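Enquirer: Mind looking at a prediction? Sequence and model below.
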Amino acid sequence: MPQTGQLNQTIAGIDAWLAPSAVSAAAVVVRHKGELIAEHYAGTLDDGLPVRDDTLFALASVTKPFTAAGVMALVDDGLIGLDEPIARFVPEFGAPASDGKPEYEAGRALITVRQVLSHTSGLPEDLPTSVIAMREQPSLETISLAMTRAPLQYQPGNGLRYSNAGYGVLGRLIENVSGEEMWTSIRRRVLDPMRLDGIVARPDSSHAGGIATVIDAGAPGTAHEPYQSPYWRDLAIPWGGLFGTAAAVAEFAEEFHRGDRLPLSSTARKLMISDQAGGVSGGLQMLKLVWSPAFWGLGWEVKGSKRRHWTGDYAGPNTYCHWGAAGTLVWSDPDLDLTVAMFGNRLTVNGWPFQPIARWARLSNAIIAAVVG
């Protein structure tokens, strides 16, 4: 049985995250066996409001499992297949990139939906600034079209490279197949049936619980400032544009192993949280991180045998998770039936969750110890 007093004391430790070198707003939510068993909120927003259970955080790449769920809803409906070429649904993707390596581009037309979902397609992590300059405020159509034309970085299927570009392509797939704007399709097929009102695309200042400002987001005060500017929020990028509460994200994540409310088939859910990378090596270029082997599902990262991991030492190998560059992490251990969302409001690339203190990992360990014993 969870040690309630110990658990509440443990998660209150995020109060210590409030520091100039870390964050000014934080939230942690713990769910066990389908129930919310603990939550804690710390810090204040720019307008002085305290962080609350309805405060929105920029999810950044925690958006990707939502996009992946939108794709899997189309698979469930028989509109696409995982091992069909993605060029069948996004025709502009199929032609070899003129500036790519011929030995990589030769297989481009055969890259599958499964490979793009699991980051094994060969696509790069991001587009170079020479291709897309955000200061020019390009449309999502312009950005995602450029992503479909990005040169492959390795032979498809022979490695894993975390790719925002791939999820730009998946956004186009959802729209082409569903005939709807991507987030309209996902809300209708996934979020509304779950009654997940705490997940928001294109938020504005009228949100009652406020929106946590992302510290160190870059280009401060400009019309294209990431996470903060109306232009950026209106893009609602498929690879990182959602905003959400910690509670709503934890509910969403939990459903992939519980299946009580998520309107996806049990087969779709199982594939999303089990390894689809097939033993290849790879990782995240932004963190200079390589795993051998790498493990990844369809949208969700799978822990597998990874060490020194953000989910800590106690979370088991079947744990699935995702973290976002804006300071967000959610993980779920299906064997423990335990799900945790822990959010801050500072870019992760400055190291605040990882070093010099492994904040995410230490808190994950302590939560498991308090809940499971």
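Expert: Structure's in. What do you need? Please read these numbers as outputs of a predicted model, since none were measured by experiment.
Enquirer: got a list of contacts for the helix or strand encompassing Asp192?
Expert: Using DSSP states H and E, Asp192 falls within helix 192-194. By Cβ atoms under 8 Å, 6 or more residues apart in numbering, the residues outside helix 192-194 that reach it are 251-252, 255, 261-263. (Each C-beta comes from the backbone N, C-alpha and C, glycine too.)
Enquirer: Please repeat the previous calculation with a cut-off of 7 Å.
Expert: Contacts to helix 192-194, defined as Cβ atoms under 7 Å, 6 or more residues apart in numbering, come from residues 261-263.
Enquirer: ditto for stretch 324-331
Expert: For stretch 324-331, contacts defined as Cβ under 7 Å, 6+ apart pick out 23, 57-62, 214, 227, 240, 249-250, 253, 310-311, 315, 319, 321-323, 340-349, 360, 364.
Enquirer: quick one: average pLDDT of that stretch?
Expert: The pLDDT scores in stretch 324-331 average 98.
Enquirer: roughly how far out does it sit from the chain middle?
Expert: Centroid separation for stretch 324-331 versus its chain: 7 Å, with Cα atoms, centre = their mean, to the nearest Å.
Enquirer: Quote the end-to-end distance of that stretch.
Expert: The first residue of stretch 324-331 is 12 Å away from its last residue (Cα to Cα, to the nearest Å).
Enquirer: same question, stretch 307-321
Expert: This stretch, stretch 307-321, spans 14 Å end to end (Cα to Cα).
Enquirer: can I assume Asn158 is in contact with Ser281?
Expert: No. Using Cβ atoms under 7 Å as the test, Asn158 is too far from Ser281 to be in contact (9.3 Å).
Enquirer: what about the closest residue in space to Tyr154 that isn't next to it in sequence, neighbour count?
Expert: Computed as Cβ to Cβ, 6 or more residues apart in numbering, the closest residue to Tyr154 that is not its neighbour in sequence is Gly122, at 5.1 Å. For Gly122, the count of nearby residues is 27 (other Cβ atoms under 10 Å).
Enquirer: cool, Asp99 as well?
Expert: The number of residues near Asp99, taken as other Cβ under 10 Å, comes to 9.
Enquirer: So it sits against Ala150, correct?
Expert: No. With contact defined as Cβ under 7 Å, Asp99 does not reach Ala150; the gap is 9.5 Å.
Enquirer: For the residue positioned nearest the centre of the chain, give me the pLDDT.
Expert: The chain has Val62 as the residue nearest its centroid, 2.0 Å off, counting by Cα atoms, centre = their mean. In this model, Val62 is scored at 98, pLDDT.
Enquirer: Which of the contacts of stretch 324-331 fall within helices?
Expert: The helices, defined by DSSP state H, take in 249-250, 253, 360, 364 from the contacts of stretch 324-331.
Enquirer: Now do stretch 16-35: distance to the chain's middle.
Expert: In terms of Cα atoms, centre = their mean, the centre of stretch 16-35 is found 17 Å from the chain centre.
Enquirer: What does the pLDDT read for the nearest residue to Trp239 once chain neighbours are set aside?
Expert: Nearest residue to Trp239, sequence neighbours excluded (Cβ to Cβ, 6+ apart): Tyr167, at 3.7 Å. pLDDT, Tyr167: 98.
Enquirer: Help me confirm that Tyr167 is found in a strand?
Expert: No. Judged by DSSP: H, G, I helix; E, B strand; the rest coil, Tyr167 forms no part of a strand; its state is helix.
Enquirer: In contact with it, which residues are there?
Expert: Tyr167 makes contact with 64, 67, 238-239, according to Cβ under 7 Å, 6+ apart.
Enquirer: please redo it, this time with the cut-off set to 10 Å
Expert: Residues near Tyr167 by Cβ atoms under 10 Å, 6 or more residues apart in numbering: 61, 63-64, 67-68, 71, 116-117, 119, 123, 144, 147, 237-240, 299.
Enquirer: One more: Pro91?
Expert: With contact taken as Cβ under 10 Å, 6+ apart, Pro91 is in contact with 109, 148, 172, 176.
Enquirer: number of nearby residues for the second one?
Expert: The burial metric for Thr148, expressed as a neighbour count using other Cβ under 10 Å, is 21.
Enquirer: Pull the contacting residues for the closest residue to it other than its chain neighbours.
Expert: Excluding its sequence neighbours, the residue lying closest to Thr148 (Cβ to Cβ, 6+ apart) is Phe93, at 4.4 Å. Contacts for Phe93 (Cβ under 10 Å, 6+ apart) come out as 85-87, 108-109, 111, 116, 121, 123, 145, 147-150, 169, 172-173.
Enquirer: about what we covered before: which members of the contacts of stretch 324-331 are classed as buried?
Expert: The neighbour-count criterion (16 or more other Cβ atoms under 10 Å) marks 23, 57-62, 214, 227, 240, 249-250, 253, 310-311, 315, 319, 321-323, 340-348, 360, 364 among those as buried.
Enquirer: State the next helix or strand along the chain beyond the strand or helix carrying His257.
Expert: Taking DSSP H and E as the criterion, His257 maps to helix 246-258. Once the chain leaves helix 246-258, the next helix or strand it forms, by DSSP H and E, is helix 266-272.
Enquirer: List the buried residues in that next one.
Expert: Buried positions in helix 266-272, judged by neighbour count with 16+ other Cβ under 10 Å: 268-272.
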